[in-house]
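Q: mind looking at a prediction? Sequence and model below.
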Amino acid sequence: MQVEIIIAGFGGQGILFAGQILAYAAMDAGKNVTWFPSYGPEMRGGTANCTVIISDEEIGSPLVRHPRAAIVMNRPSLDKYEPLVQPGGVLVVNASMAGRAAERTDVEVVALPANEMAEALGDRRLANMILVGALLARLPVLTLEQVEHALREHMPGRHRHLIERNIRALQEGARAAQAAFTPAMPG
């Protein structure tokens, strides 16, 4: 089993952190993993994306053309990555910033107002973890418990006070995704 995931959005949305946590969770679970970041020169507001590959076997390349899943946190990312997700894959969309609905009918689509959900939890920076939780609810490549463990084990010291908030966001995203996804249409 090998699963490729792309996470994309603007810099400052926690794109790279979301990918790192998935990579750490997979590594801690004994899986082979790659995490490959890509970002523009701007610290905030520029483009950022990363690919995470999780596999039971050796991974040949960190490059991904057609991921099994994508988390897109803004309109440019939706425009770029929606066409690339494999048929039958999962597309998780931050409806707060997408500006349009996903058009594909051959993938499972989970569109959540992640920004508003994060605000309701008390911290707008939690939108990334809400969407990670949503992804794992629809593509159980890792359990929520494995990601929670990775948050506890690998959160940088200066952010350790945010662990429980991140876990709550992860759980909230998973709950919301159970009711919000659109199933793939049989081909």
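A: That came in fine, so what should we check first? Numbers count the residues shown, from 1 in each chain.
Q: list of residues touching the helix ranked longest in the chain?
A: Ranked by residue count and defined by DSSP state H, the top helix of the chain is helix 163-180. Contact partners of helix 163-180, identified using CB atoms under 8 Å, 6 or more residues apart in numbering, comprise 92, 110-112, 114, 117-118, 121-123, 126-127, 129-138, 144, 147-148, 151-152, 155. For the C-beta atoms, the positions are set from N, CA and C on the backbone; glycine is no exception.
Q: just stretch 117-125 next, same as before
A: If you take CB under 8 Å, 6+ apart as the criterion, stretch 117-125 is touched by Gly14, Asn115, Leu126, Ala127, Ile130, Leu162, Arg165, Arg168, Ala169, Glu172, Gly173, Ala176.
Q: of those residues - the most surrounded one?
A: Using other CB atoms under 10 Å as the neighbour test, these are led by Ile130, with 31 neighbours.
Q: surely that residue is in a helix?
A: Yes. The assignment for Ile130 is a helix, going by DSSP: H, G, I helix; E, B strand; the rest coil.
Q: quick one: the contacts of stretch 117-125 as CSV, columns for distance to Val52 and pLDDT too.
A: Converted to CSV, the contacts of stretch 117-125 look like this (distance: CB to CB, whole Å; pLDDT from 0 to 100):
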residue, distance to Val52, pLDDT
Gly14, 14, 91
Asn115, 22, 97
Leu126, 19, 96
Ala127, 18, 97
Ile130, 17, 97
Leu162, 21, 89
Arg165, 22, 95
Arg168, 22, 96
Ala169, 18, 97
Glu172, 21, 96
Gly173, 17, 97
Ala176, 22, 95
